[in-house]
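[1] Sharing a model that was predicted from the sequence below.
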Protein chains: 4
Amino acid sequence: MTKVRVAVAGASGYAGGEVLRLLLGHPGVEIGALTAGSNAGESLGALQPHLVPLADRVLEPTTADVLDGHDVVFLGLPHGQSGALAEELTARNADVVVIDCGADFRLDDADTWQRFYGSDHAGTWPYGLPELPGQRDALRGSKRVAVPGCYPTISTLTIAPAVAAGVVTSDVVVVAASGTSGAGKAAKPHLLGSEVMGSVSAYGVGGVHRHTPEITQNLGRLTDADVTVSFTPLLVPMPRGILATVSAPLSGPLSAEDAHAVYAKAYADEPFVHVLPAGQWPQTQSVTGSNAVHLQVTVDEAAGRLVAVGVVDNLAKGTGGAAVQCMNLALGLDETTGLTTVGVAP
Amino acid sequence: MTKVRVAVAGASGYAGGEVLRLLLGHPGVEIGALTAGSNAGESLGALQPHLVPLADRVLEPTTADVLDGHDVVFLGLPHGQSGALAEELTARNADVVVIDCGADFRLDDADTWQRFYGSDHAGTWPYGLPELPGQRDALRGSKRVAVPGCYPTISTLTIAPAVAAGVVTSDVVVVAASGTSGAGKAAKPHLLGSEVMGSVSAYGVGGVHRHTPEITQNLGRLTDADVTVSFTPLLVPMPRGILATVSAPLSGPLSAEDAHAVYAKAYADEPFVHVLPAGQWPQTQSVTGSNAVHLQVTVDEAAGRLVAVGVVDNLAKGTGGAAVQCMNLALGLDETTGLTTVGVAP
Amino acid sequence: MTKVRVAVAGASGYAGGEVLRLLLGHPGVEIGALTAGSNAGESLGALQPHLVPLADRVLEPTTADVLDGHDVVFLGLPHGQSGALAEELTARNADVVVIDCGADFRLDDADTWQRFYGSDHAGTWPYGLPELPGQRDALRGSKRVAVPGCYPTISTLTIAPAVAAGVVTSDVVVVAASGTSGAGKAAKPHLLGSEVMGSVSAYGVGGVHRHTPEITQNLGRLTDADVTVSFTPLLVPMPRGILATVSAPLSGPLSAEDAHAVYAKAYADEPFVHVLPAGQWPQTQSVTGSNAVHLQVTVDEAAGRLVAVGVVDNLAKGTGGAAVQCMNLALGLDETTGLTTVGVAP
Amino acid sequence: MTKVRVAVAGASGYAGGEVLRLLLGHPGVEIGALTAGSNAGESLGALQPHLVPLADRVLEPTTADVLDGHDVVFLGLPHGQSGALAEELTARNADVVVIDCGADFRLDDADTWQRFYGSDHAGTWPYGLPELPGQRDALRGSKRVAVPGCYPTISTLTIAPAVAAGVVTSDVVVVAASGTSGAGKAAKPHLLGSEVMGSVSAYGVGGVHRHTPEITQNLGRLTDADVTVSFTPLLVPMPRGILATVSAPLSGPLSAEDAHAVYAKAYADEPFVHVLPAGQWPQTQSVTGSNAVHLQVTVDEAAGRLVAVGVVDNLAKGTGGAAVQCMNLALGLDETTGLTTVGVAP
């Protein structure tokens, strides 16, 4: 096929690096400009030594001039920078596809954005979670995609079938344990290896984490019920992966078998979502580097709650893989091109 | 002081090794017989190389003959073996203190025991969690102690003040992330380093983990309300430590400040429980090797839930440290002798 | 292209799992029989949950009947079982390609085999390290391949250019730090996560590790000098990867620049060996899941030694990737088909 | 006993934190001023949450005014700051004991210092490795101590008996794998958890690491032979611990048994050095948090080299424990007060 020309802004970060890792295995793209902020001028090989075929590439500054002339531009930028850049790019080329790995365009509600991010709301782009009912069609041929946050991706997919089927209608409790790459590559003392190895910690507790309203928004699209979300993120000692434990009171009697059937049916046709056989519980290692989501669900009869567990690679399906999946949809390619359900384990 | 003579049955396992590690720093004890099952006849130095002063000790078989003649006997045995052995020891010496690190004598209810452990109920001994209201007095001078499970210790302490104060009265949800030593030293494929490093997994989901009824029993002692417990354990890639996230619906309006005050008051006089300053969240590394428990609590207003987080070293305060703490109480020593709140970090 | 039909014996182990992971991304193969020893009868999904497309496959017993009818058979079996099975397969189909991931056919010398493995020598097959001078031709079209050990692969590639160029001629010292998957999936107490996390240990010290004679044999093919090898393996807390530090006395004056030039020239045409720019040192994370080898070299003037460092993924290029690379050569395919130099990092 | 009043400068770093952790268990000291550079004004509890008894302490600036009035002052400062401060403290109190955890006063030779550290040589203080022949006496009653570097401590102790006995006289090769805390608490991208977990890397290769001349100096004190040292440090994914593999050509025939006897004799009276029984190899986990050093040695007959392996906790016996051990000697206390050979494992 004719190759699509792709640029990546923010190529020295974890999101940009993962997009590039996946694009290097994608048969339909040619990798064009690679840009960075403070790392502009450095070689990619020094910053992302795992991307051997691009080792000699030198990072350019993130400007519309540099990013112009590509069919697709992936953005891995700090909050607030994607909107103006996307407009500039479209002004030069009305057909350019812009896929934003940042948060700027994920939320519908301007007040919520303002409360959680403290700046003006930039707008809303098609939300890049094709597994949500109706969402795949919204992404096909789109010129704009807002890639979901990693926690919202797995939290939503883990409870969505139960919410959509009405077997849970309230009080969703999410505790999600994430590897450290979700916090990015900026050097902060609490993210040092010495601090995180041998340690689990909680942060953003009590509904204050920015991914909370995104999860709530996703579940709200599935039901008329007023579903609240209590979200607690944990940092665990591994580089990649999220395991989300999601539970909610059952709206009525339901057996574990029936709960499993609800999930199996909901995801029967999804190429990347794998509902495990009953009794087998997910582990993050199984999805490392892949676009797969593994899920399991049961019923806690004594507590009266449905309990589901899901895993995802926060950088792959949680960010870069979703970005490539959405690019495929936007360009009319097979949705799975360049992606895999096969993880790197052990 | 005159030294108390102490024996440890199950000295080659993780619980026995931790009891010994702590006893080696206890000024009031002399370490006597060390016994094992299949490892009898081997040197302790080969099996527990960190216990240098005991490296030349040879493990003896676990029999009443070998364990006789000690003032205190710690038991780290498979389920079902503690009861008969304790009776034999007492028949020979009515004053012997027996401290069981196993599960046999933790539960009050025989049917619950039968359902979760599948064998006959052996009985109930004083429960070794002095921080529960009234429990310290029950342990002073006792000849028997049932050391709590590691998950019940931290799950209980993390939500107990809220239950006791009546600010939560129902639907407790616990997700607890544990290091691998909680699963013991028996070699099983899913506990191999290759399998657990870089991976978080869920197990025992849906109320089937044996620690569930123990948590429920503990909370039931604090309230007349019918508090259910949904408990999900996670395995995380570190050797030691548990972080429990515990939440429940608020029974009425409560600010985060008031929630913190409830906790600060409840534990004001506890030597090992440290309620962190508001805004600082626990991490397991801080308590490694120590008898400390670190707690924090807040209110998720949008979700209407109180959310508390606690950490403990599963082998120390979660098992061996609690055992030594209870020995101190049983013998009338200062409760903190040989124990510390200072963790080994980073 | 017409697909080659491939079977994997030992599909439940780490070597077999890695071969399958790579074959699932190989455009020229169709995956046939999957066999196991004690795990026969179980589903692959329960044992290798990362191999989603094969989750429903049931493992068959490892017999010639089951393995017959394939173009290529990969063997990941205990020592001593490969020879007879390969003969049986060839008796039924003279064209079958057998690729042995075990040690049986790696060594030339029967006495050395006997001394290190304690059983009769089975013979010698073409050695699957195409990067050794002349070796690639020996593998093209071969019906038999002995895949090298993981330590010999990286130890050899890290010092081979210096030995072949004569800049070192004696006293090679190798210290190689390996992730735990190199020890296999059999459950042994010292390989438990609790034991290996937070710990580095040495084993097989003093020339007794079975990979020592394999390294010595490889270097002996490159020089007439009598090069001794002191090899010390270390176990480090990660699932995958080996970093080898290899040094030897310089046979004459040599600058660091010239040492680097020797390496750059030696590997200039190798698709998987990447000599890093001067000053950048290898890290195992960069090659995780890939077939890449990263190398760097310098001169320690005060000590008079050349010091080189190499990294490899022990399961990929160290085992399963080499196996697939050799299959490509054996079948006359492009050597890099289904393989990548791009690692999964961070 | 009357308590000694102790101050710690650099209390927010890893060295200072470890000194404090150990002092909290020392019966003979009272902890006075705690100072810091950029962290002055913050509470210790926020920066070192594992030091619960000191959680409410506020860090003061590092000045002679603040540090005056103490019997002992521990310094954990950037290079070049210890000398002037020590002089100021002595001018105010001639009896003050200053124990420097930094590198300023470790090296004898001014040119070597200049070459490796790039600044003027400050001088030489008694070297805090009491296990070196004659060194214990030099430390008794000393008012100044230069605590050794962590790599030099374990590298020296691992080969010293062989050098002192003359069984090796040349070409010492050290490869030492260290946990990440050795690199300190300053936030640098390559030390992020995401970068170090699942990865081993080499750095400072080729004799350029600053600890190289310190090791060479130590060995030079044990022999008249001209022993060179090739030193390669590795970073491994754990917070604490170093394992050093040290080998050298044998100067004459020597059996493994005789090598072991040389080590056993050399360290027979050392309270913290534990030569393991023949055949048992060290692991870093066994010494975590302790002042113990575990050693093993053998002979590689084919390679003609003696190979020894040693482990230490880089922060404990490698820094803070050595500092306390030397304080004990300086003050005339029992050398082992407040220290232990018992590690925290698993």
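    Yep, it's here.
[2] ok, and the closest non-adjacent residue to residue A:4?
    residue A:71 (4.6 Å; C-beta to C-beta, 6 or more residues apart in numbering or on different chains). The way it works is simple: take the backbone N, C-alpha and C, and place the C-beta from them, glycine included.
[3] My read is that that neighbour contacts residue A:7, right?
    No - contact criterion C-beta atoms under 8 Å: residue A:71 and residue A:7 do not qualify, at 9.0 Å.
[4] Burial check on residue A:344, number of neighbours?
    Applying other C-beta atoms under 10 Å in any protein chain shown, we find 27 residues neighbouring residue A:344.
[5] Would you mind measuring from the nearest residue to residue A:319 once chain neighbours are set aside to residue A:9?
    Excluding its sequence neighbours, the residue lying closest to residue A:319 (C-beta to C-beta, 6+ apart) is residue A:15, at 5.0 Å. Using C-beta to C-beta, to the nearest Å, we find residue A:15 at a distance of 10 Å from residue A:9.
[6] Between those two, which contacts overlap?
    By C-beta atoms under 8 Å, 6 or more residues apart in numbering or on different chains, residue A:15 and residue A:9 have these common neighbours: residue A:76.
[7] residue furthest from the geometric center of chain A?
    residue A:302 (33.8 Å; C-alpha atoms, centre = their mean).
[8] Let's verify the nearest residue to that one once chain neighbours are set aside: helix, strand, or coil?
    Nearest residue to residue A:302, sequence neighbours excluded (C-beta to C-beta, 6+ apart): residue B:207, at 5.0 Å. Of the three states, residue B:207 takes coil under DSSP: H, G, I helix; E, B strand; the rest coil.
[9] Could you report the neighbour count for the closest residue to residue A:331 other than its chain neighbours?
    Nearest residue to residue A:331, sequence neighbours excluded (C-beta to C-beta, 6+ apart): residue A:4, at 6.2 Å. By other C-beta under 10 Å, the residues close to residue A:4 number 18.
[10] residue ranges for the strands of the stretch 1-150 of chain A, please.
    Counting by DSSP state E, counting those that start in this stretch, the stretch 1-150 of chain A has these strands, from start to end: A:4-9, A:29-36, A:60-61, A:72-75, A:97-100, A:144-146.
[11] who in the stretch 1-150 of chain A is up against chain C?
    Listed as neighbours of chain C in the stretch 1-150 of chain A under the rule C-beta under 8 Å from any C-beta of the partner chain: A:14, A:17, A:21, A:24-25, A:43, A:45-46, A:48-53, A:55.
[12] From residue A:106, how far off is residue A:75?
    13 Å.
[13] When the two are compared, which one has more neighbours?
    Per other C-beta under 10 Å, whichever of residue A:75 and residue A:106 has more neighbours is residue A:75, with 28 against 24.
[14] Quickly note the distance from that one to residue A:154.
    Taking C-beta to C-beta as the measure, residue A:75 falls 22 Å from residue A:154.
[15] Pretty sure residue A:75 sits against residue A:102.
    Yes - at 6.4 Å, residue A:75 counts as touching residue A:102 under the criterion of C-beta under 8 Å.
[16] which neighbours do those two share?
    In contact with both residue A:75 and residue A:102: A:81-82, using C-beta under 8 Å, 6+ apart.
[17] just to revisit the earlier point, buried only: go through the residues of the stretch 1-150 of chain A next to chain C for me.
    Among the residues of the stretch 1-150 of chain A next to chain C, those classed as buried by 16 or more other C-beta atoms under 10 Å in any protein chain shown are A:14, A:17, A:21, A:24, A:43, A:45, A:48-52, A:55.
[18] for these, which one is nearest residue B:82?
    residue A:14 (50.2 Å; C-beta to C-beta).
[19] mind checking how far the closest one is from chain B?
    16 Å (C-beta to the nearest C-beta, to the nearest Å).
[20] For that residue, report the pLDDT, please.
    On pLDDT, residue A:14 comes in at 98.
[21] For it, give me its contacts.
    A:181, A:184-185, A:315, A:319, C:346, D:194.
[22] Would you format the residues you listed as JSON lines with distance to residue A:112 and secondary structure included?
    As requested, the contacts of residue A:14 are arranged in JSON lines below (distance: C-beta to C-beta, whole Å; DSSP: H, G, I helix; E, B strand; the rest coil):
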{"residue": "A:181", "distance to residue A:112": "26", "secondary structure": "helix"}
{"residue": "A:184", "distance to residue A:112": "23", "secondary structure": "coil"}
{"residue": "A:185", "distance to residue A:112": "28", "secondary structure": "coil"}
{"residue": "A:315", "distance to residue A:112": "26", "secondary structure": "coil"}
{"residue": "A:319", "distance to residue A:112": "22", "secondary structure": "helix"}
{"residue": "C:346", "distance to residue A:112": "31", "secondary structure": "coil"}
{"residue": "D:194", "distance to residue A:112": "29", "secondary structure": "helix"}
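[23] what does the domain assignment say about chain A?
    A:4-148+A:317-331, A:151-314 (automatic domain parsing).
[24] Tell me the one of the buried ones among the residues of the stretch 1-150 of chain A next to chain C nearest residue D:30?
    Residue D:30 lies nearest to residue A:14 out of those, by C-beta to C-beta, at 46.9 Å.
[25] Relative to residue C:80, how far out is the closest one?
    Relative to residue C:80, and taking C-beta to C-beta, residue A:14 is found at 46 Å.
[26] what do you get for residue A:337?
    44 Å.
[27] For the lengthiest helix in chain A, name the packing helices and strands.
    Longest helix in chain A by number of residues, with DSSP state H as the criterion: helix A:150-164. Under the contact criterion of 3 or more C-beta pairs under 8 Å, 6 or more residues apart in numbering or on different chains; DSSP states H and E, helix A:150-164 touches strand A:172-178, helix A:212-220, strand A:229-235, strand A:242-249, helix A:256-266, strand A:293-300, strand A:305-312.
[28] May I see these organised as a markdown table, with mean neighbour count added?
    Converted to a markdown table, the helices and strands packed on helix A:150-164 look like this (neighbours: other C-beta atoms under 10 Å in any protein chain shown):
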| stretch | mean neighbour count |
| --- | --- |
| strand A:172-178 | 27 |
| helix A:212-220 | 23 |
| strand A:229-235 | 27 |
| strand A:242-249 | 29 |
| helix A:256-266 | 18 |
| strand A:293-300 | 25 |
| strand A:305-312 | 29 |
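[29] Any chance of TSV for those, columns distance to chain D and mean pLDDT?
    TSV is the format used below for those (distance: least, C-beta to the nearest C-beta, whole Å; pLDDT from 0 to 100):
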stretch	distance to chain D	mean pLDDT
strand A:172-178	11	98
helix A:212-220	23	98
strand A:229-235	9	98
strand A:242-249	14	98
helix A:256-266	31	98
strand A:293-300	20	98
strand A:305-312	16	98
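[30] distance between the ends of stretch A:242-262?
    23 Å (C-alpha to C-alpha, to the nearest Å).
[31] quick one: which of the residues of the stretch 1-150 of chain A next to chain C sit in helices?
    Reading helices off those with DSSP H, I get A:14, A:17, A:21, A:45-46.
[32] The closest residue to residue A:213 other than its chain neighbours: neighbour count?
    Nearest residue to residue A:213 in three dimensions, chain neighbours excluded: residue A:112, at 4.7 Å (C-beta to C-beta, 6+ apart). Neighbour count of residue A:112, defined by other C-beta under 10 Å: 16.
[33] quick one: contacts for residue A:195?
    Applying C-beta under 8 Å, 6+ apart, we find residue A:195 in contact with A:189, B:283, B:285, B:346, D:193, D:239.
[34] Pull up the per-residue confidence for the residue farthest from the centre of chain A.
    For residue A:302, the model assigns a pLDDT of 97.
[35] what's the answer for residue A:128, then?
    As predicted, residue A:128 sits at a pLDDT of 98.
[36] for the one 4 residues further on, same thing?
    pLDDT for residue A:132: 97.
[37] Tell me if I'm right that it and residue A:218 touch.
    Yes - applying C-beta under 8 Å as the test, residue A:132 and residue A:218 come out as touching, 6.6 Å apart.
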